[in-house]
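S.K.: model the following, please.
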Amino acid sequence: MSSSTSTVNASMPEPKTQWLNVILLWVAGISAAMQFAKFSVSFDGLLEHYQMGATSTGAALSAVGIAGLVFGVSAGMIASRVGYLKVLVGALLLGGGLSLLQSTLPSFQLLFVTRMLEGFSQLGVVVAAPTLIAKLSAPQHKSLTMGIWGTFFGVAFALCGWAGKNILDQYGLQTLFLSHGVFISTIGLVLFFKLRNNPVLDLVPVTGRQDGFLKQMIKIYRNPRALLPSCVFLFYTCTLVSVLTYIPGLIGDSTLQKLMLVVLPLISTGGTFLAGAIAQYLMRPQRVALMAYCGVASCAVVLSVVSGSPELFCAVVGVMVLFLGMVPGSALAMIPTLARNPSEQAQGYGLLAQFGNLGATMGPPTFATAIAVYGLAGLVVLVLCVCCFGVLFSLLAGRIKAVV
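M.R.: Numbering: from 1, shown residues only. Model (predicted):
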């Protein structure tokens, strides 16, 4: 029996990574992340056009995250039932339609509604796309492709900061939103025609008997294969946005401040890709996360010592952000490594999206308060506390056996 099985396995062709399709799915992630980035780069223009004040306009910026915060876990369950490609293409086309509507510069109330609906578009992409990427990747490349996927957010902000800012300056808000609508709709149509008959994507929607919705939710939260990577990711999102926002203000040199605003997001993106490569070829993703949090903690301690030298301070901050950027690459690589089936992968990505939005919501006000009261010391202590939790959950995740 065993010999015949080994003969069958030997005759089966070794799965290959479909790199073109992986890159197209990564571009889809970039187009979805631009739903955040386009409002970030056009914030001043929106303030001027709508005259609604920084608080209301800021709420419109963050409204995209509400869907992920509330519906992150259920999105993975829905995708496993409906079909991942259907969810992905539907989410991209929804995002394109909403951007085209925004290009008409509707009333602020309608604009806010479109932002909330964009949250469902963004959530559909971040749940379905990585599940499809994992399916299209050979086992020996899954950590690497997850590392590539993890860079989509930083790349989106970098592209919007460059091309989006140029479009905004030359042609205005309407053309910026119109360009995004065309871009995200186009990639949705390309993926539909490219993947609809792909034989590898035999991800049949789950139609058998299932537990009730609430029971399934509880089961996902109690599943360490989905929960622990999300907890590792949570403490990253608590920290990175705050570090990128507040640390430049602690640098005494104004030229270095401006430089850090551009360089730090790129360093973070590089760290994410680096983590995927290390997890693929050198060590398990859980160990990469552990190493990353230990590196962040070490840099935080050094920061308190070198605060008198702006150049040295910036160098240490750069290394700290590199380690921070490695956390999402390792967390994303954990999910296909630990998940036992595509449905469990999608649920893991949904939970990751929910915890990510939770961290992004909690982190900035917490860090802002600590820095306002205690200055650099408050930032250092808070980063050390975050790293303790990150190390703990990385160690717990390391005790789970990977699925081969």
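S.K.: wait, Ala75 sits on Ser121?
M.R.: No. In terms of Cβ atoms under 8 Å, Ala75 does not count as a neighbour of Ser121; the distance is 11.2 Å. Bear in mind the C-beta positions are built from the backbone N, C-alpha and C, glycine included.
S.K.: any idea which helix or strand in the protein has the lowest mean pLDDT?
M.R.: Least confident helix or strand of the chain, by mean pLDDT, DSSP states H and E, is helix 2-11 with a mean of 44.
S.K.: what mean pLDDT does the following helix or strand past it get?
M.R.: For helix 2-11, the following helix or strand on the C-terminal side (DSSP states H and E) is helix 19-41. The average pLDDT within helix 19-41 is 90.
S.K.: tell me which residues in the top helix by length along the chain are buried?
M.R.: For the chain, the helix reaching the highest residue count under DSSP state H is reported as helix 342-374. Residues of helix 342-374 classed as buried: 342-361, 363-364, 366-367, 370-371 (neighbour count, 16 or more other Cβ atoms under 10 Å).
S.K.: list the buried ones in the helix or strand following it?
M.R.: Next in sequence after helix 342-374, counting helices and strands by DSSP H and E, comes helix 376-398. Going by neighbour count (16+ other Cβ under 10 Å), the buried part of helix 376-398 is 376, 378-380, 382-383, 386-387, 390-391, 393-394, 397.
S.K.: closest to Ala297 out of those residues?
M.R.: Among the buried residues of helix 376-398, Cys387 lies closest to Ala297 (Cβ to Cβ), at 3.9 Å.
S.K.: what about the stretch 201-350 of the chain, any weak spots by pLDDT?
M.R.: The stretch 201-350 of the chain contains residues with pLDDT under 70 at 202-213.
S.K.: what packs against the helix or strand containing Gly295?
M.R.: Assigned by DSSP H and E, Gly295 belongs to helix 285-303. Counting contacts by 3 or more Cβ pairs under 8 Å, 6 or more residues apart in numbering; DSSP states H and E, helix 285-303 is packed against helix 224-246, helix 254-281, helix 310-338, helix 376-398.
S.K.: now those in CSV, with distance to Asp169?
M.R.: Converted to CSV, the helices and strands packed on helix 285-303 look like this (distance: least, Cβ to Cβ, whole Å):
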stretch, distance to Asp169
helix 224-246, 23
helix 254-281, 17
helix 310-338, 28
helix 376-398, 34
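S.K.: what about the ones you listed, which gets the closest to Lys86?
M.R.: The nearest among these, by Cβ to Cβ, is helix 310-338 at 20.7 Å.
S.K.: what angle sits between that closest one and helix 285-303?
M.R.: Calculated by axes from the mean of the first three to the mean of the last three Cα atoms, to 10 degrees, helix 310-338 forms an angle of 160 degrees with helix 285-303.
S.K.: alpha carbons only: can I get stretch 282-300 in CSV?
M.R.: Output of stretch 282-300 as CSV, limited to C-alpha atoms (Å, rounded to 0.1, in the frame of the first residue of the first chain):
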residue,chain,number,x,y,z
LEU,A,282,16.5,30.2,7.0
MET,A,283,14.0,29.7,9.9
ARG,A,284,10.4,29.2,10.8
PRO,A,285,8.2,32.4,10.6
GLN,A,286,7.6,32.1,14.4
ARG,A,287,11.3,32.5,15.0
VAL,A,288,11.5,35.4,12.6
ALA,A,289,8.8,37.2,14.6
LEU,A,290,10.6,36.4,17.9
MET,A,291,13.9,37.8,16.5
ALA,A,292,12.1,40.9,15.2
TYR,A,293,10.5,41.8,18.5
CYS,A,294,13.8,41.2,20.3
GLY,A,295,15.4,43.5,17.8
VAL,A,296,12.8,46.2,18.3
ALA,A,297,13.2,46.0,22.1
SER,A,298,17.0,46.3,21.9
CYS,A,299,16.7,49.4,19.6
ALA,A,300,14.2,51.0,21.9
